[in-house]
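# Everything below, folded, please.
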Amino acid sequence: MASGGVFLLLIVIVWQIAATWRARMLAAREDEYRRLTAKYAQLLEDNVELHRRTSDELTQARQAIVSMEKMMREIE
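Numbers count the residues shown, from 1 in each chain. The predicted model follows:
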């Protein structure tokens, strides 16, 4: 009967160790998801800024081309 109690105690200890390990793994995974989410948000912000700058540069280039075309027409 005592060996059954010891065996049961060992099962409970192993069960608790496994539960603790699993909880730590889930917490680590959650931390990694948070880190990846923050990195994705930063990359998205960078991409939006790059898109804005590219759009501004394209607008300036179009204005310069229109100005050059106008000047060339006036010369002819």
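
# Near Ala64, how many other residues are there?
Residues within reach of Ala64, counting by other C-beta atoms under 10 Å, total 10. C-beta here means a position set from N, CA and C on the backbone, and glycine is covered the same way.

# Quick one: mean pLDDT for the helix or strand it falls within?
Using DSSP states H and E, Ala64 maps to helix 2-75. Averaging pLDDT along helix 2-75 gives 95.

# Now do that helix: which elements does it pack against?
With contacts defined as 3 or more C-beta pairs under 8 Å, 6 or more residues apart in numbering; DSSP states H and E, helix 2-75 has no helix or strand neighbours.

# how much space between the spatially most central residue of the chain and Gly5?
For the chain, the residue sitting closest to the mean C-alpha position, by C-alpha atoms, centre = their mean, is Tyr40 at 2.3 Å. Computed with C-beta to C-beta, to the nearest Å, the distance linking Tyr40 and Gly5 is 52 Å.

# How about Gln63?
Going from Gln63 to Gly5 by C-beta to C-beta gives 87 Å.

# Then Leu50?
Using C-beta to C-beta, which is the criterion applied here, Leu50 is 67 Å from Gly5.

# Ok, Asp46 next?
When C-beta to C-beta is the yardstick, Asp46 and Gly5 sit 61 Å from each other.

# next one: Glu45
The spacing between Glu45 and Gly5, counted by C-beta to C-beta, is 60 Å.

# Please apply the same query to Leu26.
For Leu26, the distance to Gly5 under the criterion C-beta to C-beta works out to 31 Å.

# same thing with Arg53?
To Gly5, Arg53 is 72 Å away according to C-beta to C-beta.

# likewise Arg73?
Here Arg73 is placed at a distance of 101 Å from Gly5 (C-beta to C-beta).

# Mind listing what's buried along stretch 2-13?
Of the residues in stretch 2-13, none count as buried by neighbour count, 16 or more other C-beta atoms under 10 Å.

# And the contacts of it?
With C-beta atoms under 8 Å, 6 or more residues apart in numbering as the contact definition, stretch 2-13 has no outside contacts at all.

# Pull the distance from it to the chain's centre.
The chain centroid and the centroid of stretch 2-13 are separated by 46 Å, computed with C-alpha atoms, centre = their mean, to the nearest Å.
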